[in-house]
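In: What follows is a protein structure lacking sequence information:
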């Protein structure tokens, strides 16, 4: 059984050894994530080059996702590294403080003093510490601790319900976008977007630097939920970033929002990654908890394109075991994933011929005993549209374009194939596509396959032909 849900793994110290990284690729990683919150441009370039070199050795495509740091909405540092707060304690967030103590701490995000007023609730360290704002006095935010605990250096700050004004793209992010363009990243993830304008700005900077990456909007602000429709429209993909989102909107709201976001993304022909703490316990343990297994499985059943590992592979003790566990959970969950055509297949009109062909192919695969779909594609759009319909039939994106092969590594149920036909004559090209699927063991004589192609051959966005072929009949004739 071929796994349809894709696995994104974050690179870091735990997989710095090339042998370990190679094992992760062998275990099933489809896309690697470069976290630009850490490391230098040179280090990211080296990691990207290493991944692509290993992928080439394995004769496969592996996508590269660059994840921007975004605004640092954090406290500063303590003189002794950490303090312990109790409910009822008075505590000051001080924009002028250099080293904190038991009474106050500095702010990396100095605009906080303008973003809050009496009555606001601040959540620190992913919601572990809760403070109620009593007043803002000059450069100081005076708070009362509602929920205490240990508070250490550089922990994050969220405002319950959202409302912090930090711009999505910092000066560092703008420079990092240029680095992403330089290393030819396949995907660029924008942290903390509040509107479509944030996504459009990132795209303009990226294109200006010569980058062709697709833009991923990380949904992690309360404001992003309000503007969800426009953000999805402006993006190529979204990431359900459940950490900060859960802090801002409340943990109980996240599961329903996850389902809603996945559904909306698929309806708009966009990709979706489900992320954050999917197998968090595997940072320290060689096996996941039952709750984590259920979490990953539910994301698969919701229809996510990909599931993501963060610290599990970047800094955990068991990176290989984490990828292997996620692989087997996805495979098991997919056995229960119902093949069903969505209502949009029946009631949606199509303005483009290539989209109509893609949807016709996916629909046909649900009603005939089709073993494989071969989409000859330049941009990958045809394969993307096919993947939006729930079907168990594997979709092979046959393309000579290396950038397209890397992009489709994130498409659910789509598998990139390096396809360089010897001729642009249609019948010969279709015959070579059939032979390629047979060579890969994807089909056997007698199997029905679907082939899609555009004429004139090689023109992007020109898919206009759907052909149903029984494997082997051509050679018999």
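Out: Cool, got the structure. Nothing here was measured: the structure is a model prediction, and the numbers come from that model. Numbering: from 1, shown residues only.
In: Only C-alpha atoms from now on, for both contacts and neighbour counts.
Out: Noted.
In: so what's residue 412 up against?
Out: Listed by Cα atoms under 8 Å, 6 or more residues apart in numbering, the contact partners of residue 412 are 4, 5, 6, 304, 305, 306, 387.
In: same thing but at 7 Å, please
Out: Residues in contact with residue 412 (Cα atoms under 7 Å, 6 or more residues apart in numbering) are 4, 5, 6, 305, 306, 387.
In: confidence score at the fifth one?
Out: For residue 306, the model assigns a pLDDT of 98.
In: mind starting the numbering at 34 from now?
Out: Will do, 34 is the new start, and the previous item becomes residue 339.
In: Give me the phi and psi for it.
Out: phi -150, psi 150 (degrees, to the nearest 10).
In: and it, how many residues sit next to it?
Out: Using other Cα atoms under 10 Å, residue 339 has 26 other residues around it.
In: If it is in a bridge, with which residues?
Out: Taking DSSP bridges as the rule, residue 339 bridges to residue 39, residue 306.
In: Verify the contact between it and residue 37 for me.
Out: No. In this structure, residue 339 is not within contact of residue 37 by Cα atoms under 7 Å, at 8.9 Å.
In: Show me where the stretch 334-483 of the chain has its helices.
Out: Using DSSP state H, counting those that start in this stretch, the helices of the stretch 334-483 of the chain run over residues 344-347, 352-368, 377-380, 386-400, 414-420, 435-440, 459-472.
In: for the stretch 184-333 of the chain, same thing?
Out: Counting by DSSP H, counting those that start in this stretch, the helices of the stretch 184-333 of the chain are 204-215, 229-241, 255-259, 261-267, 275-282, 287-300, 323-335.
In: Does anything pack onto the second one? Which helices or strands?
Out: With contacts defined as 3 or more Cα pairs under 7 Å, 6 or more residues apart in numbering; DSSP states H and E, the secondary structure elements packing on helix 229-241 are helix 204-215, helix 261-267.
In: Contacts for the last one, please.
Out: The reference is to helix 261-267. 228, 229, 232, 233, 271, 298.
In: Check the spacing between the fifth one and residue 94 real quick.
Out: With the distance defined as Cα to Cα, to the nearest Å, residue 271 ends up 21 Å from residue 94.
In: Residue 59 too?
Out: Per Cα to Cα, residue 59 is found 12 Å from residue 94.
In: Which of the two has more residues huddled nearby?
Out: residue 94 (25 against 16).
In: Walk me through the domains of the chain.
Out: The chain breaks down into these domains under automatic domain parsing: 39-103+200-367, 110-192, 377-509.
In: among the helices and strands of this protein, which has the poorest mean pLDDT?
Out: helix 377-380 (a mean of 52; mean pLDDT, DSSP states H and E).
In: how far out from the middle of the chain is whatever helix or strand residue 498 lives in?
Out: Per DSSP states H and E: residue 498 is located in strand 496-503. On the basis of Cα atoms, centre = their mean, to the nearest Å, strand 496-503 sits 31 Å off its chain's mean C-alpha point.
In: repeat for stretch 332-344
Out: That offset, for stretch 332-344, works out to 8 Å (Cα atoms, centre = their mean).
In: now swap in stretch 220-233 and tell me
Out: That offset, for stretch 220-233, works out to 13 Å (Cα atoms, centre = their mean).
In: One more: stretch 70-79?
Out: Using Cα atoms, centre = their mean, the offset of stretch 70-79 from its chain centre is 19 Å.
In: Also stretch 463-478?
Out: Counting by Cα atoms, centre = their mean, stretch 463-478 comes out at 31 Å from the chain centroid.
In: List the buried residues for it?
Out: 463, 464, 465, 466, 467, 468, 469, 470, 476, 477 (16 or more other Cα atoms under 10 Å).
In: Then stretch 81-94?
Out: 81, 84, 85, 87, 88, 93, 94.
In: of all those, which two lie farthest apart?
Out: 81 and 93 (14.8 Å; Cα to Cα).
In: show me what contacts the nearest residue to residue 37 once chain neighbours are set aside?
Out: Spatially, and ignoring its direct neighbours in sequence, residue 37 is nearest to residue 446 (4.1 Å; Cα to Cα, 6 or more residues apart in numbering). Counting by Cα under 7 Å, 6+ apart, residue 446 touches 37, 38, 420, 427, 428.
In: okay, residue 446: pLDDT?
Out: pLDDT, residue 446: 95.
In: and if you look at the one 3 residues further on?
Out: Turning to residue 449, the model gives it a pLDDT of 96.
In: Counting neighbours, what do you get for it?
Out: Residue 449 has 25 nearby residues by other Cα under 10 Å.
In: try residue 440
Out: Using other Cα under 10 Å: residue 440 sits among 24 other residues.
In: Mind listing the strands the host helix or strand of residue 124 pairs with, and their directions?
Out: Using DSSP H and E, residue 124 sits in strand 123-127. Sheet neighbours of strand 123-127, with direction, are listed as strand 137-138 (parallel), strand 173-180 (antiparallel) (DSSP bridges).
In: hang on, the earlier thing: Throw the helices and strands packed on helix 229-241 into CSV and include mean neighbour count, distance to residue 109 and mean pLDDT, thanks.
Out: Output for the helices and strands packed on helix 229-241, formatted as CSV (neighbours: other Cα atoms under 10 Å; distance: least, Cα to Cα, whole Å; pLDDT from 0 to 100):
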stretch, mean neighbour count, distance to residue 109, mean pLDDT
helix 204-215, 20, 18, 97
helix 261-267, 20, 31, 98
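In: Adding distance to residue 313, write these out as a markdown table.
Out: Formatted as a markdown table, the helices and strands packed on helix 229-241 follow (distance: least, Cα to Cα, whole Å):
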| stretch | distance to residue 313 |
| --- | --- |
| helix 204-215 | 27 |
| helix 261-267 | 27 |
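In: Nearest to residue 457, out of the ones you listed?
Out: Comparing the helices and strands packed on helix 229-241 by Cα to Cα, helix 204-215 comes nearest, at 32.0 Å.
In: Which other helices and strands does that closest one contact?
Out: By 3+ Cα pairs under 7 Å, 6+ apart, helix 204-215 packs against helix 229-241.
In: for the helix it packs on, which positions count as buried?
Out: Neighbour-count burial for helix 229-241 flags 229, 231, 232, 235, 236, 238, 239 (criterion: 16+ other Cα under 10 Å).
In: swap in stretch 187-198?
Out: Buried residues in stretch 187-198, counted by 16+ other Cα under 10 Å: 187, 188, 189, 190, 191, 192, 193, 194, 195, 196, 197.
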